[in-house]
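> just to be clear, the model below is a prediction. Sequence and coordinates:
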Amino acid sequence: MAFFGIILLLSNTCVYFHAKNNACINESEPILKLALDKIPATAAHDGHDHHNHVLAHINPLYGTEDSVKKIKTFSLKSVIKNEETAKDDRKWEIIDFQDDSNPHGFKCDWVPFISSTGVNKQAGGKQIEMCVHSFDDIVSNVIRGVHRWQDCDVLPEHWEQSIQNVPASELSNASNKKKQSIYLEIGANIGSCIMEMLFSTNAPIIAFEPNPKNLFPLRETMRRLDKSYQDRVVLLPIALGASKSSNTIYAANNNMGNSQVGTAVKDLDIDGQAFLVKDQFDIQVDRLEDVLELGGGGLHSDNVDVHIDIRLVKMDAQGFECEILKGMGQEVADKIHHVHFEKADLFLKAHNCEDLLQRFHGFGFDIYRDQQNLVHPSNYNQPMPYDLDAKRHDKV
């Protein structure tokens, strides 16, 4: 129920974290401690290099201790093409988490946030607070009550499954090229899924969110976090679409997650919903393939080429998904392993996107319902669950 934003994360406080095993290793701690925590006692003298295997399991880029040192110099901002590389005149900039400007006079409430894996453990016992809308808003209200948005709970599991399946051959090769796995969020809203992934996984995150009214609480939440968490996030204030353009975003007064580009469609199950003029904003739209720098030029860390591997995407664009796919391009699609997305027929119809599943299939994805049940293409027009998964044919 969110819109697009990009976020990327690398932490100095918790440089190496594996949610399943509750392991958080700070830079001041020896890497071997993590390895010893993971290796069974019976395997201590079997002659295998468990140390590097453990690091590789935590993040596919960690093939050797040397590559662990190199990842600390990798900047996720380098994944975003600069204006010269993109060959365009941009009207947007990466969100600065130190910026405290508020030209619209937005307000927010601070409430506790607890991830599905228990955020206080990963944050060293510190209380984590999240900035939510101060008015009646569905996502904000739920976070006030249960301290997280539960639709995000499935994402850490998808991430862990994805990086566990990384073949050893992808960790490094003869030319010493490395792959950096990232999580891509298209539709960040106020950042509930970003917070879930930030505190439940080690995932670097790129997120898109074009609605200024959602960007404000998201930026404020990030601004209060330790710099080690801020450095793991890159947030872009744009919508993704088929072409570079300007447009208008509309938002429902009681559900800011229902933010839509170019049109306004009410949620069927919410009474009294309205799209007010004060919640309409001019926004910038760009193509995903024109935003991301996937590898090679510019992505160098200690003379090691870093190639981007998009292990997981969360896409929630309120019917604008076909436009996003049009601007994705095959090169980007080939880097993606798994897309978790909503199939909201009401919104898709309003954007002439009723063939969304066929479009995913055309890019080389299979469609799964209930996370693991493959949908045959002949059934793409049948009634489907709201949440679906698209996985590349050649990466399952």
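Thanks, I have the structure now.

> now Leu357: how far from Asp109?
Here the criterion is CB to CB, to the nearest Å. By it, Leu357 lies 39 Å from Asp109. (Glycine included, C-beta is placed from N, CA and C.)

> typed the wrong thing, it's Pro237
Using CB to CB, one gets 22 Å for the distance from Pro237 to Asp109.

> related to what we said a few turns ago, quick one, which of Leu357 and Asp109 is more surrounded?
When Leu357 is set against Asp109 and neighbours are counted by other CB atoms under 10 Å, the residue ahead is Leu357, at 23 against 15.

> pull the contacting residues for the closest residue to that one other than its chain neighbours.
If you skip the residues right next to it in sequence, Leu357 has Tyr380 as its closest partner in space, 4.1 Å away by CB to CB, 6 or more residues apart in numbering. For Tyr380, the residues meeting the contact criterion (CB atoms under 8 Å, 6 or more residues apart in numbering) are 357-358, 361, 367.

> buried only: go through the residues you listed for me.
In terms of neighbour count (16 or more other CB atoms under 10 Å), the buried residues within the contacts of Tyr380 are 357, 361, 367.

> may I ask which helix or strand of this structure has the lowest mean pLDDT?
Taking mean pLDDT, DSSP states H and E as the measure, the chain has helix 31-38 as its least confident helix or strand, at a mean of 36.

> where does pLDDT dip in the stretch 101-250 of the chain?
Applying pLDDT under 70 to the stretch 101-250 of the chain picks out residues 119-126, 165-178.

> hey, where'd the strands end up in it?
108-112, 129-133, 178-186, 205-208, 233-236, 239-240, 245-252 (DSSP state E, counting those that start in this stretch).

> cool, the stretch 251-396 of the chain as well?
Assigned by DSSP E, counting those that start in this stretch, the stretch 251-396 of the chain shows strands spanning 255-261, 281-286, 300-301, 304-315, 338-342, 365-369, 373-375, 387-392.

> tell me which of those strands sits most buried.
The densest packing among the strands of the stretch 251-396 of the chain, expressed as mean neighbour count by mean count of other CB atoms under 10 Å, is seen in strand 255-261 with a mean of 25.

> list the neighbouring strands of that strand plus their orientation.
Strand 255-261 has the following strand partners under DSSP bridges: strand 245-252 (antiparallel).

> buried set for the strand it pairs with?
Buried residues in strand 245-252, counted by 16+ other CB under 10 Å: 247, 249-252.

> that one to strand 281-286, inter-axis angle?
Calculated by axes from the mean of the first three to the mean of the last three CA atoms, to 10 degrees, strand 245-252 forms an angle of 130 degrees with strand 281-286.

> can you add distance to Met195 and pLDDT and give the contacts of Tyr380 back as a markdown table?
As requested, the contacts of Tyr380 are exported to a markdown table (distance: CB to CB, whole Å; pLDDT from 0 to 100):
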| residue | distance to Met195 | pLDDT |
| --- | --- | --- |
| Leu357 | 30 | 97 |
| Gln358 | 34 | 97 |
| His361 | 32 | 97 |
| Ile367 | 28 | 97 |
